[in-house]
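Peer 1: sequence first, predicted model second:
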Amino acid sequence: MSKLTLSVATGNYDRIRPIVDGTVQIDGVDPICLMLSPEEIFFRAFRHAEFDICELSLSSFAIKQSHGTNEYVGVPVFPSRAFRHTSIYVRKDRISKPSDLKGRRIGIPEYQLTANVWARGILSDHGVEPNDVVWIRGGLEQAVRPEKISLSLPQDIRIEAGPQGKSLSQMIIDGDIDGIITPRMPSAARAGSQVGWLFDDPTAAAKSAYANNGIFPIMHLVGIRKSLVESNPWLPGAVLKAFEMAKAAAIEMLEDTSATKVTLPFIEEQLAAARRMMGDDYWPYGFARNKATLETFLRFHHGQGLSTRKLEAEELFCPTTLESFSV
């Protein structure tokens, strides 16, 4: 039987590259690998379902799932994870603590961004709810950015379009907004302005949060076109297996510090510190080990008005991938 020729669209990550370079095979699949930015993948996938297998925004996926309009089936592979205390930027001359954000104007590239869901969850833990601020939508460095899929939010969530011709970075420099929540550092934070992180030491804040709740936030999952899964029920298991193997190969390479594989010093020390804090498998795939994190995210997601109902974590994934096998 010939292999399926399928497109596989992901970001350019060490934990994906063994699939791209052919070191790791997806059983039964001859992949056409496309390494693209998350923004491009998500826009093309959620607007037009262009890819067979792809990395997807967890938040947008959950919106589609709650609407019953999802063209993809999820697999519990999480190629992007990040603590998002570093995603909240403020005018330091106006804001010194989270509660100062109440009644303020905060810029966002998109309300639905997964990073922003987690960041709003952080603010909620500090007593600042989504309806306590005015959200100003715009491009981080360009003037316009639309939501990739349409939203229907509660009336008490106030979102306004930014002024014509101004990026969020320019708005915060000019004082039009008091903060920005974004997964990328805005140029305003590098401009010698009054813009900086809300948390003076976001790494310490993130470590403290992890010590309390054990949550390493998930940003993206892997999806497979639903029609493919219906005609090839073996495919989700094959994809989960291959991505697990690719991650294991990447970590093995990272551990080989005879010549470090990333352009960063102190790799051994950082690996050891991550394992002391989070265990040997500090970037877990699979459903069981991530269920609590997913449940927390879905609670935030529904509470922020993004999902029409509170989803169960199991609803995100192909049933055959909820249990993992070992050899």
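Peer 2: In hand now; what should we look at?
Peer 1: all strands of the protein, in order?
Peer 2: Taking DSSP state E, the strands of the chain run over residues 4-10, 29-35, 53-57, 72-81, 88-91, 105-108, 134-137, 158-161, 179-181, 195-197, 218-225.
Peer 1: among the ones you listed, which comes closest to Pro236?
Peer 2: Among the strands of the chain, strand 72-81 comes nearest to Pro236, with 5.3 Å by CB to CB. Every residue, glycine included, has its C-beta placed from N, CA and C.
Peer 1: the closest one packs against which elements?
Peer 2: strand 53-57, helix 58-67, strand 218-225, helix 226-231, helix 235-255 (3 or more CB pairs under 8 Å, 6 or more residues apart in numbering; DSSP states H and E).
Peer 1: Arg17 is nearest to which of the strands of the chain?
Peer 2: strand 29-35 (8.7 Å).
Peer 1: OK, contacts around the closest residue to Thr308 other than its chain neighbours?
Peer 2: Residue nearest to Thr308 in three dimensions, not counting chain neighbours: Ser66, with 4.6 Å by CB to CB, 6 or more residues apart in numbering. Counting by CB atoms under 8 Å, 6 or more residues apart in numbering, Ser66 makes contact with Ser307, Thr308, Arg309, Leu311.
Peer 1: surely Ala313 is in contact with Glu295?
Peer 2: Yes: the pair Ala313 and Glu295 qualifies as a contact (CB atoms under 8 Å) at a distance of 5.3 Å.
Peer 1: tell me which of these two has more neighbours.
Peer 2: Ala313 (18 against 15; other CB atoms under 10 Å).
Peer 1: roughly how far apart are the more buried one and Val20?
Peer 2: According to CB to CB, to the nearest Å, Ala313 and Val20 sit 29 Å apart.
Peer 1: what do you get for Leu36?
Peer 2: 12 Å.
Peer 1: likewise for Arg84?
Peer 2: 27 Å.
Peer 1: mind listing what's buried along stretch 59-76?
Peer 2: For stretch 59-76, the neighbour count (16 or more other CB atoms under 10 Å) marks 59-66, 70, 72-76 as buried.
Peer 1: please read the previous query as pertaining to stretch 134-152.
Peer 2: For stretch 134-152, by 16+ other CB under 10 Å, it's Trp135, Ile136, Arg137, Gly138, Gly139, Leu140, Glu141, Arg145, Lys148, Ile149.
Peer 1: for that stretch, what is the distance to the chain centroid?
Peer 2: When C-alpha coordinates are averaged (CA atoms, centre = their mean, to the nearest Å), stretch 134-152 and its chain have centres 17 Å apart.
Peer 1: not counting its own residues, what contacts that stretch?
Peer 2: For stretch 134-152, contacts defined as CB under 8 Å, 6+ apart pick out 42-43, 46-47, 57, 60, 63-64, 104-112, 157-162, 164-169, 171, 176-177, 180, 182, 184, 186-187, 306, 308.
Peer 1: likewise for stretch 112-125?
Peer 2: Outside stretch 112-125, the residues that touch it by CB under 8 Å, 6+ apart are 57-60, 63, 82, 84-85, 87-88, 98, 101, 108, 110, 129-130, 147-149, 151, 181-183, 209, 217-220, 296-297, 300-301, 303-304, 306.
Peer 1: recalculate using a threshold of 6 Å.
Peer 2: With contacts defined as CB atoms under 6 Å, 6 or more residues apart in numbering, stretch 112-125 is touched by 57-60, 84, 87-88, 98, 108, 130, 181, 183, 217, 219, 300-301, 304, 306.
Peer 1: go on, stretch 95-110?
Peer 2: 116, 123, 126-128, 132-137, 140, 145, 147, 168, 171, 177-182.
Peer 1: again with stretch 189-206
Peer 2: The contact list for stretch 189-206 (CB under 6 Å, 6+ apart) reads Phe83, His85, Thr86, Ile88, Tyr89, Val90, Arg91, Lys92, Asp93, Ile172, Ile173, Ala188.
Peer 1: 8 Å instead?
Peer 2: Residues outside stretch 189-206 that contact it (CB under 8 Å, 6+ apart): 83, 85-86, 88-95, 98, 101, 172-173, 179-180, 186, 188.
Peer 1: gap between Pro202 and Ile224?
Peer 2: Pro202 is 35 Å from Ile224, by CB to CB.
Peer 1: more neighbours: which of these two?
Peer 2: Neighbour count, other CB under 10 Å: between Pro202 and Ile224, Ile224 has more, with 25 against 17.
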